[in-house]
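**Q** give me a 3D structure for the following:
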Amino acid sequence: MIWEELRLKIAKVKVMAYDSRSFHFVFVHGACFGGWCWYKVADLLMKDGHTVSALDMAGQGIDPTDADHIYTLEEYNKPLTDFFTALSSNHKVILVGHSVGGYNVSYTMERFPHKIASAIFVTAVMALSGTTLVDSLNEILSRIGSLGDSTFSFANGEGKKPTSVKFGKQFSQQVLLQNSPSTDICLTDSLLKKFPLWDGAVSYTKENYGRVPRAYVVAKDDKMLSEEYQKKMIAENPPQMVYEIEGSDHSPFFCKPDKLANILLQIASRCLCE
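**A** This next block holds a predicted model:
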């Protein structure tokens, strides 16, 4: 019951005046997480008078979809697509994605560029057009070696490609959360879910994706997406703004929430007040 109340608090879209002093942040989580992971940053931003929407992608958080039967990025992104479809045409948000949530951000930038004031990749996969989830996972695995005690599901039968993955407890503690508070490690252990290994490439154009200002937030102690890998993506697909967080693991929303919230506000102010 406590977690349900917390989720509703974070995901609720407040009705308030939208002007240069009040921003609307839309958060997208990474693999196996849910909208719940943004609770610290969401609390800081809401206390400062901003609107926050932290969504669960299909099969994640409390979304009831079976992760093993989500086959495409379009299906996985449906909660975010529905959210943007419902937004009024003159309402612009700050779209923030973490880790593989960068795919959701890129996909949504192409679909709804007129509703996004800025897209922020927080130690996220900022993939080139035509890149698949498998491409990114292979790149990550080539750098970290393995996913340790994480487990794969094979809903279509043994011998076929896996349909989902769930991060293991040890892997999460050592690679995703090594600098995060023990309370957040405990929370994550309780709430991680299987992540659907969907097919298809993210595809975007200069006319749509290219018109949205982009920012990248580098987590310098990230063991999942190394600083080297993050800067490789920045060099290949340069955003307009780059920020760095010293001492941050793969989950800056847990280990450096104040710093992350301040950076998000800096970006929002720059993009919406120019």
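**Q** output the lowest mean pLDDT helix or strand found in this protein.
**A** Sorting the helices and strands of the chain by mean pLDDT, DSSP states H and E puts helix 2-11 at the bottom, at a mean of 38.
**Q** tell me the first helix or strand C-terminal of that helix.
**A** Going down the chain from helix 2-11, the next helix or strand is strand 24-28, by DSSP states H and E.
**Q** so for that following strand, mean pLDDT?
**A** Strand 24-28 comes out with an average pLDDT of 98.
**Q** what pairs with that strand, parallel or antiparallel?
**A** Sheet pairing of strand 24-28 (DSSP bridges) gives strand 51-55 (parallel), strand 93-99 (parallel).
**Q** tell me the buried residues in the very next helix or strand once past the first one?
**A** Looking back up the chat, that one is strand 51-55. For strand 51-55, the following helix or strand on the C-terminal side (DSSP H and E) is helix 73-76. Going by neighbour count (16 or more other C-beta atoms under 10 Å), the buried part of helix 73-76 is 73, 75, 76. Bear in mind the C-beta positions are built from the backbone N, C-alpha and C, glycine included.
**Q** check the offset of helix 73-76 from the chain's centre.
**A** 14 Å (C-alpha atoms, centre = their mean, to the nearest Å).
**Q** now do it, average pLDDT.
**A** 98.
**Q** now do stretch 152-164
**A** pLDDT averaged over stretch 152-164 gives 93.
**Q** endpoints of it, how far apart?
**A** Across its full length, stretch 152-164 reaches 6 Å end to end, with C-alpha to C-alpha, to the nearest Å as the criterion.
**Q** buried ones in it?
**A** In stretch 152-164, counting by 16+ other C-beta under 10 Å, buried: 153, 163, 164.
**Q** rewinding a little: nearest to residue 131, of the strands paired with strand 24-28?
**A** Smallest distance to residue 131 across those (C-beta to C-beta): 14.7 Å, for strand 93-99.
**Q** how about that closest one as CSV, C-alpha atoms only?
**A** Extracted in CSV, the C-alpha atoms of strand 93-99 (Å, rounded to 0.1, in the frame of the first residue of the first chain):
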residue,chain,number,x,y,z
VAL,A,93,7.6,19.2,-21.3
ILE,A,94,11.2,18.3,-20.4
LEU,A,95,11.6,14.6,-21.3
VAL,A,96,14.2,12.8,-19.2
GLY,A,97,15.4,9.2,-19.8
HIS,A,98,17.8,7.0,-17.9
SER,A,99,19.9,4.0,-19.2
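**Q** what pLDDT, on average, does that strand get?
**A** Strand 93-99 comes out at a mean pLDDT of 98.
**Q** what residues of the helix or strand that that strand is followed by count as buried?
**A** Once strand 93-99 ends, the next helix or strand along the chain (criterion: DSSP H and E) is helix 101-111. Across helix 101-111, burial judged by 16+ other C-beta under 10 Å covers 101, 102, 103, 104, 105, 106, 107, 108, 109, 110, 111.
**Q** may I see the residues you listed organised as TSV, with distance to residue 86 added?
**A** Formatted as TSV, the buried residues of helix 101-111 follow (distance: C-beta to C-beta, whole Å):
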residue	distance to residue 86
101	20
102	23
103	21
104	16
105	18
106	21
107	17
108	13
109	17
110	18
111	13
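**Q** check the gap between residue 159 and residue 139 for me.
**A** According to C-beta to C-beta, to the nearest Å, residue 159 and residue 139 sit 25 Å apart.
**Q** contacts for the helix or strand in which residue 190 is found, please.
**A** Assigned by DSSP H and E, residue 190 belongs to helix 182-191. Residues outside helix 182-191 that contact it (C-beta atoms under 8 Å, 6 or more residues apart in numbering) are 3, 33-34, 36-37, 61, 169, 172-173, 176-177, 251, 254-255.
**Q** if we go to 6 Å?
**A** Contacts to helix 182-191, defined as C-beta atoms under 6 Å, 6 or more residues apart in numbering, come from residues 169, 172, 173, 177, 254.
**Q** so where do the helices sit in the stretch 101-250 of the chain?
**A** Along the stretch 101-250 of the chain, counting by DSSP state H, counting those that start in this stretch, helices occupy 101-111, 133-144, 169-171, 182-191, 227-236.
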